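**Student:** requesting a structural model of the entry that follows:
(chains A, B, C and D)
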Protein chains: 4
Amino acid sequence: MADDPLRIGGVELTSRLIMGTGGAPSHEALHEALVASGTQLTTVALRRLDPRAGGSVLDVIRDAGIRVLPNTAGCYTATEAVKLARMAREALETDWIKLEVIGDDRTLFPDPVELLDAAETLVDDGFVVLPYCGDDPIIARRLEQIGCAAVMPLGAPIGSGAGIRNPYNLRIIVEQASVPIILDAGIGTASHAALAMELGCDAVLCASAITRAQSPARMARAIAGAVEAGRLARLSGPIPERLYADASSPDYGRPDLT
Amino acid sequence: MADDPLRIGGVELTSRLIMGTGGAPSHEALHEALVASGTQLTTVALRRLDPRAGGSVLDVIRDAGIRVLPNTAGCYTATEAVKLARMAREALETDWIKLEVIGDDRTLFPDPVELLDAAETLVDDGFVVLPYCGDDPIIARRLEQIGCAAVMPLGAPIGSGAGIRNPYNLRIIVEQASVPIILDAGIGTASHAALAMELGCDAVLCASAITRAQSPARMARAIAGAVEAGRLARLSGPIPERLYADASSPDYGRPDLT
Amino acid sequence: MADDPLRIGGVELTSRLIMGTGGAPSHEALHEALVASGTQLTTVALRRLDPRAGGSVLDVIRDAGIRVLPNTAGCYTATEAVKLARMAREALETDWIKLEVIGDDRTLFPDPVELLDAAETLVDDGFVVLPYCGDDPIIARRLEQIGCAAVMPLGAPIGSGAGIRNPYNLRIIVEQASVPIILDAGIGTASHAALAMELGCDAVLCASAITRAQSPARMARAIAGAVEAGRLARLSGPIPERLYADASSPDYGRPDLT
Amino acid sequence: MADDPLRIGGVELTSRLIMGTGGAPSHEALHEALVASGTQLTTVALRRLDPRAGGSVLDVIRDAGIRVLPNTAGCYTATEAVKLARMAREALETDWIKLEVIGDDRTLFPDPVELLDAAETLVDDGFVVLPYCGDDPIIARRLEQIGCAAVMPLGAPIGSGAGIRNPYNLRIIVEQASVPIILDAGIGTASHAALAMELGCDAVLCASAITRAQSPARMARAIAGAVEAGRLARLSGPIPERLYADASSPDYGRPDLT
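**Tutor:** Model prediction:
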C-alpha cells in the first residue's frame, strides 16, 4: 500500500509480498505469477543462474521490472555462502543478499551457527543481509544485533505448505525486533499469509505456494490479497478473543412480540 | 468477483462478504464500513428497527444501495421467530430472512430443535430462509433438506472473535452440501475469513469483527480482501501440506563453488 | 480412585474409564483389554448379541465381573432406538441404556432431533439414559433437562482417533452441567483421554482406540492411566498458561561466579 | 516401568519423569512431591545450593534417595556455565550436568551458540552432558554429534505451562535422534506430558507444573501417571487419525427390528 510502505536497507516497497522463483512450471507461468503478485522484490538462486545467458529467470524478473534479491540457496557452510554472496554481488550488481545456510537436506532448516558466522562476515563486507533463520527468538535477535537489515524466520519447512507451526515464537520475535521481520518458508495458502501479517510480520516471502499451485497466477493474487488483508487487520485493532458470546447489539434480548 | 458470483435464492452476489450491522459506534461509522466492505447483502435485527422512523440503520443500508436481510435475532422459540419473520416481510418488503433462534444467553448458540421447526414453517410460507446453525453436519443437512436457500453454520460464538473452532466439522458440512454454506459468527480477523473460504464456504458473514474493531472501515477492507483471497486460494489448487521440506528448486543441492 | 468415585444413576464407579467392546480382534483380546482397563462399565451393541447364545461378548464382560451397558448402536430413528432399548432391558435385565441415534453413515454423528425424542420417551419409561450426543451445549442441556443420568458428548467421529476437535464447546458443556459429562467418541490415544478429564469431563468412553490398537491390553492400561492422570491434574490446580517464561526459582539470575 | 527402562550415560532409570526442584512452597511440599512422582533423577540449581549447609534442597533429594542432576541455571555464557559445572562436579561428586545457557531473561530460551560451545568443552572434560535446548532439529543434532548423553528440547518457555507449541519439530528431532530425547520446559499439566511421550520423547522433565500447582504431590502423581500412559500408548500402536467415522463394529448397520 502506497501509504504504508515497508522500508528495508533504505529502500521503500509498497508491496509486502516478496516472491521466490523456484518451482514454476515455465518462464511464462512465472512471469504471469510475478505480475499478478504485485511483488517488488524477488529472490533467485544464484547457482541456478548464468547471468550472461539469455532467457533466464533473471530476464523474467527484469522484464517484470522487479528488484532482484539473490539468495545463497544450497549452501551448507558459512564459507560457501559468503563466496556465493560475493559472486552474486559481482554478477548482479546488487549488495542485497538473502542469506541461506542450510543444516539439513530433509528439513532445509538453517544452521544457526554457520548462519551467524556468514551474516557477520557479509555485514562487515557491506552487504544488505536478509538472513533466513528458524523461529528461535535468540537467534533472531543475534542476527539483528549483527546488523542484518531484516530477519526472516520460517513458519514451517520450505515447501511444506504447513503455515506457521509456532505462532507464539513468531509473536515473541516480532515484539522484540526493531528491524523488519519477514516470514520466510512454510506458507501454503492465503490464510497463512494473513496470519503472518496479523502476528506482526512486516512482510511475507512465498515461492512454492504460488509457483506450484495449480493456478500460479491466481494463487499469486490470492496471497498478495491476503498479505494486504492481514496487514490491514493488524492496523485496524481487532476485537479480543472470548470463550463465550458477545451479542453484537448491546440491547440484545427478547423482542417485544406481545 | 464478477466472474465468480454467489447465487442464493435466484439472486447473484459478486461480493461474498455479508455484513451485519450490530455493534457499530455510529451511523457514520457503519456507513463507511458498509461501503468499504463492498458487501451487497446486510443483516439487520428487525426488533431494533422502526421501519417508519427516519435516521435508522435501515436508511444507512438503503443509502449504501445494499440489499437488506432482516434477521430474527433475540428470538428463543420457533413461534417468536416465525412471528418476527412475518413482521419483517411486511415491513421491509422482502421474503428473505436470516433465521436465528437462540438457545442460550451466554453462548448465543442456536437451538437446533426450534430452528428446524421455524425453518420448516417459513419455507412452507414462501420465505427464502438462511438459518444460523451450529456446526453439526446432521442439522446442516436437515436444514438443506427442509428447503433452506443456504445454511449458515457458526465458527465460534457470536462476537467471540475466536475464528473457526472446529474446521473439521465445517469441512464435512461443505463436502455434503448442495446449497451455499455461509460461515456465520466467530470471525475475529482477516485470516479467519480467509480460512473459512479455503475450507470451502461460499461466503462469510461478519458483524462485530468489523463494527467493533478500532477502525471499522479499514477492518471491513481487510476482511473483504481476505474473503476474496481465501476464495481465490481455494480455486487455485494449493500445494499439499507436508511434515518435511520440499525444495522449491528440484535440483536443489550444493552449488559448484570449486 | 476409591476416594473420588463417579456417581451415575445411584451407582458408584471407582474407574472413570468406560469401555466399548466393538472392534476387538478376538474374545481373548477383549477379555485381556477389559481386565487391563480396570473398567467397571462396558457398552455392548444389543443387535450384535444373542443373549442366549454361549461364547458371546456378553459372557466375556460378565466373566470379567463388569456391569453391562447396552447401547442402541445402528439405530437411525427414535422409534428404532426405543424399541431396541426395551429389548435390551428385557434381555439383559438392566434399565441402563446408552442411547445412540445416528444421523449419518459417514460421520456416525447423532441426530439431535431423534435423540431428544428417544431420550424423552425412555426417561419417562424409567430408563437410566446415557445419551451419545454432539458437542452442542444447547443439546447437552436439553438432554439434562429431560432427565438423562449423564450426557455423553463426542470429541470427534466414532473411530476417528482424532481426539477433541472443539475443546471450547466441551468446556462450555462442562461448565453448565449438573449431571456427569462423559466424553464419548474420538479418543485415539492417552493424551486425548487426559485432556478430556482436564477439561472437566467426569469420565471417558473408549472403544476402537483400545480394541483396534496393535496391543489392546497395553493401550487399555495407557488410557486408564491417562484418565486417572487427567482427573488428578484437574483436581491439583494446574499453573496458568503464559506466553513468556516464568523461572521456577524466583531469585533466578546470574550466579555469583566471580 | 521395570521392563522398559531409560538408559542415560550408562545408568538405568525405571521412571521416565525427571523432576526439577524450583518453585516448591516448602521443603516438606517438595519432599512429598518428589516421593509422589516416583522420580529417580532430580535437577537442582547449584547456585542456589550451599552443599555444606544443612536443611538444603539437596538434603531433601538425598533423603528421598534420588540421584541429583545439578544444572547451570542462571548462566548466560559458555564460560559461566562451564565454571559452574565444574564447581558442581566437585561439590556434588557427580559428573552429570544439565547444561543451561540462557539467552534471554524474558523467554529463558537457551542461547544455541553459547550452549554448543559449553557442551563441547564439558564433553571433552568428561562430563555426562544433558543440554537444555530449543526445538531446532539442527541444534539438537549438533548436540548429539558433540557427544551429549541426551538432548533436552523445550516444549514452550520455562514455567509457561503452555505444553508443546511445535509438536512437528519435536517429531523431527525424535525421528533423527539416537540418544534419548527428554522434553524439557513447557509442561503445564498431565496431557502435555502424555503427548510428549506419544511423540516419541524418552522422558519428560517437569518442575513448575508440579511444584507450583495447588497440590504439588497430587500433580506429581498426575504427571508421573501421564508420562507412563503416554509411553505405553506409543508402544501400543495407536489407531490412525481419520476425518470421518469408522464404526467400531465392522457390521455396523441398521438392527433388525422388524
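
**Student:** hmm, A:Arg16 is touching A:Arg7, no?
**Tutor:** No - assessed by Cβ atoms under 8 Å, A:Arg16 is found out of contact with A:Arg7, at 11.2 Å. C-betas here are computed from N, CA, C, even on glycine.

**Student:** show me which of those two is the more surrounded one.
**Tutor:** The residue with more neighbours, out of A:Arg16 and A:Arg7, is A:Arg16; 27 against 13, by other Cβ atoms under 10 Å in any protein chain shown.

**Student:** look up the closest residue to the more buried one, ignoring the ones flanking it.
**Tutor:** Using Cβ to Cβ, 6 or more residues apart in numbering or on different chains and skipping residues adjacent in sequence, the residue nearest A:Arg16 is A:Ala203, 4.2 Å away.

**Student:** measure the residue most central in space within chain A to B:Met87 for me?
**Tutor:** Centrality entry for chain A: nearest residue to the mean C-alpha point is A:Leu205, 2.2 Å, by Cα atoms, centre = their mean. To B:Met87, A:Leu205 is 54 Å away according to Cβ to Cβ, to the nearest Å.

**Student:** tell me the helices in chain A, going along the chain?
**Tutor:** A:27-37, A:57-63, A:78-92, A:112-124, A:137-146, A:167-176, A:190-198, A:208-211, A:216-235 (DSSP state H).

**Student:** okay if I get the ones you listed as CSV plus mean pLDDT, distance to B:His27 and mean neighbour count?
**Tutor:** Formatted as CSV, the helices of chain A follow (pLDDT from 0 to 100; distance: least, Cβ to Cβ, whole Å; neighbours: other Cβ atoms under 10 Å in any protein chain shown):
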stretch, mean pLDDT, distance to B:His27, mean neighbour count
helix A:27-37, 94, 38, 20
helix A:57-63, 85, 49, 18
helix A:78-92, 94, 55, 20
helix A:112-124, 98, 54, 22
helix A:137-146, 97, 45, 22
helix A:167-176, 95, 36, 20
helix A:190-198, 98, 29, 31
helix A:208-211, 96, 41, 29
helix A:216-235, 98, 23, 27
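
**Student:** for those helices, give me a markdown table that also has distance to C:Ala73.
**Tutor:** Below are the helices of chain A laid out as a markdown table (distance: least, Cβ to Cβ, whole Å):
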| stretch | distance to C:Ala73 |
| --- | --- |
| helix A:27-37 | 52 |
| helix A:57-63 | 60 |
| helix A:78-92 | 61 |
| helix A:112-124 | 54 |
| helix A:137-146 | 51 |
| helix A:167-176 | 40 |
| helix A:190-198 | 38 |
| helix A:208-211 | 43 |
| helix A:216-235 | 44 |
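
**Student:** to chain C, which of those lies closest?
**Tutor:** Closest to chain C of the helices of chain A is helix A:167-176 (Cβ to the nearest Cβ; 6.3 Å).

**Student:** any idea how far A:Ala233 is from D:Asp105?
**Tutor:** From A:Ala233 to D:Asp105 the distance is 31 Å (Cβ to Cβ).

**Student:** got it, and A:Arg62?
**Tutor:** A:Arg62 sits at a distance of 47 Å from D:Asp105 (criterion: Cβ to Cβ).

**Student:** was I right about the residue nearest to the centre of chain A contacting A:Thr21?
**Tutor:** No - assessed by Cβ under 8 Å, A:Leu205 is found out of contact with A:Thr21, at 11.2 Å.

**Student:** is stretch A:218-233 positioned near chain B?
**Tutor:** Yes - for stretch A:218-233 and chain B, the contact criterion (Cβ under 8 Å from any Cβ of the partner chain) is met by A:218-219, A:221-226, A:228-233.

**Student:** nearest to chain D among those residues?
**Tutor:** Ranked by distance to chain D (Cβ to the nearest Cβ), the residues of stretch A:218-233 next to chain B are led by A:Gly230 at 20.8 Å.

**Student:** surely the closest one meets A:Ala190?
**Tutor:** No - counting by Cβ under 8 Å, A:Gly230 does not reach A:Ala190; the two are 9.2 Å apart.

**Student:** now for the two: what residues contact both?
**Tutor:** Listed as contacting both A:Gly230 and A:Ala190 by Cβ atoms under 8 Å, 6 or more residues apart in numbering or on different chains are B:Ala226.

**Student:** just to revisit the earlier point, tell me the bridge partners for the residue nearest to A:Arg16.
**Tutor:** A:Ile182 (DSSP bridges).

**Student:** give the burial count for it, as a bare number.
**Tutor:** Neighbour count for A:Ala203, taken as other Cβ under 10 Å: 25.

**Student:** try A:Val128
**Tutor:** Neighbour tally, A:Val128, other Cβ under 10 Å: 20.

**Student:** for it, which non-adjacent residue is spatially closest?
**Tutor:** A:Gly9 is the one closest to A:Val128 (Cβ to Cβ, 6+ apart), at 3.9 Å.

**Student:** how near is the one you found to C:Ile181?
**Tutor:** 57 Å.

**Student:** between the two, which one's more packed in?
**Tutor:** More crowded of A:Gly9 and C:Ile181, by other Cβ under 10 Å: C:Ile181, with 24 against 15.

**Student:** residues contacting A:Leu130?
**Tutor:** Here A:Leu130 is in contact with A:Ile8, A:Leu69, A:Trp96, A:Ile97, A:Lys98, A:Leu99, A:Cys148, A:Ala149, A:Ala150, A:Val151, A:Met152, A:Ile182 (criterion: Cβ under 8 Å, 6+ apart).

**Student:** of these, which belong to strands?
**Tutor:** Judged by DSSP state E, the contacts of A:Leu130 include A:Ile8, A:Leu69, A:Trp96, A:Ile97, A:Lys98, A:Leu99, A:Met152, A:Ile182 as members of strands.

**Student:** you'd agree the fifth one is up against A:Val68?
**Tutor:** No - look at A:Lys98 against A:Val68 with Cβ under 8 Å: they stay out of range, at 10.3 Å.

**Student:** between the two, which is the more surrounded one?
**Tutor:** A:Lys98 (27 against 21).

**Student:** do you know how far the more buried one is from chain B?
**Tutor:** From A:Lys98 across to chain B, the span is 13 Å (Cβ to the nearest Cβ, to the nearest Å).

**Student:** follow-up on the earlier one: nearest to D:Pro110, of the helices of chain A?
**Tutor:** helix A:137-146 (7.2 Å; Cβ to Cβ).

**Student:** could you export that closest one as CSV, CA atoms only?
**Tutor:** What follows is helix A:137-146, C-alpha atoms only, in CSV (Å, rounded to 0.1, in the frame of the first residue of the first chain):
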residue,chain,number,x,y,z
PRO,A,137,14.0,-15.5,19.2
ILE,A,138,17.5,-15.7,20.5
ILE,A,139,19.0,-16.3,17.0
ALA,A,140,16.7,-13.6,15.6
ARG,A,141,17.9,-11.1,18.0
ARG,A,142,21.5,-12.0,17.4
LEU,A,143,21.0,-11.5,13.7
GLU,A,144,19.6,-8.1,14.3
GLN,A,145,22.5,-7.2,16.6
ILE,A,146,25.0,-8.2,14.0
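
**Student:** near chain D, anything from it?
**Tutor:** Yes - using Cβ under 8 Å from any Cβ, helix A:137-146 comes into contact with chain D via A:Pro137, A:Ile138, A:Ile139, A:Arg141, A:Arg142.

**Student:** and those near chain B, which?
**Tutor:** Applying Cβ under 8 Å from any Cβ to those, none is adjacent to chain B.

**Student:** D:Ala118: which of those residues is nearest?
**Tutor:** A:Ile138 (14.5 Å).

**Student:** before we move on, the earlier item: surely the residue nearest to A:Arg16 touches A:Leu183?
**Tutor:** Yes - the criterion here is Cβ under 8 Å, and A:Ala203 meets it with A:Leu183 at 7.5 Å.
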